[in-house]
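Trainee: based on what follows, work out the 3D shape:
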Amino acid sequence: MAENELKYLSKEGFLNLKKELESLKKEARKNIAAKLEYAKGLGDLSENAEYQSAKDEQVLNESRISQLENLLARAVVISKKHSETVCVGSCVSLAKENNSSAEKYYIVCSEEADPLNKKISNISPLGTGLMNKRVGETVLVSAPQGKVRYVIMEIS
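Mentor: As a prediction, this is how the structure comes out:
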């Protein structure tokens, strides 16, 4: 991913990432500082597993903070507008070919993806196949169980 590449986020996704960032900066940093202080009190830091564990946690936390700050600085919040083609922010009803029952999926950026809640990334195999397609078009997607053909029933 390019450093200056815009990231399209839903309002909900933007707010969730902002909330995560605030939590990491306030609560996680405070908790890690307390762990470090406690571990320092245990003595020799060179062989102090608790201290090393807290330092590792601190590195991961600061890395995530940096990642989120970078992402949010490049974020463009998308508005829910009706489009005739599938794009990030679309809700798409899909049916497997020769099957009348449809399932709804939300097309989101990779940072918001949550397949268990039907939020699929625009860069996933299904998301990529759906982008810029219209109602009635079919999409052939390579899945672990083989190729699956979907028909776009509705875009909202």
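
Trainee: list of residues touching the helix ranked longest in the chain?
Mentor: Scanning the chain for the longest helix, with DSSP state H as the assignment, gives helix 49-73. Applying Cβ atoms under 8 Å, 6 or more residues apart in numbering, the external contacts of helix 49-73 come out as 3, 7, 14, 17-18, 20-21, 24-25, 28-29, 32, 35-36, 38-40, 42, 45, 111. Glycine gets a C-beta too; all of them are placed from N, C-alpha and C.

Trainee: count of neighbours near Ile155?
Mentor: Neighbour count for Ile155, taken as other Cβ atoms under 10 Å: 19.

Trainee: is it true that it touches Ser83?
Mentor: Yes: Ile155 is within contact range of Ser83, at 6.5 Å (criterion: Cβ atoms under 8 Å).

Trainee: overlap in contacts, those two.
Mentor: In the contact map built from Cβ under 8 Å, 6+ apart, the residues linked to both Ile155 and Ser83 are Ser90.

Trainee: list the buried ones in the helix or strand that the longest helix of the chain is followed by?
Mentor: Proceeding N to C from helix 49-73, the next assigned helix or strand is strand 75-77, under DSSP states H and E. Within strand 75-77, the residues that count as buried by 16 or more other Cβ atoms under 10 Å are Ala75.

Trainee: name the strands paired with strand 75-77 and say parallel or antiparallel.
Mentor: Its sheet considered, strand 75-77 pairs with strand 7-9 (parallel) by DSSP bridges.
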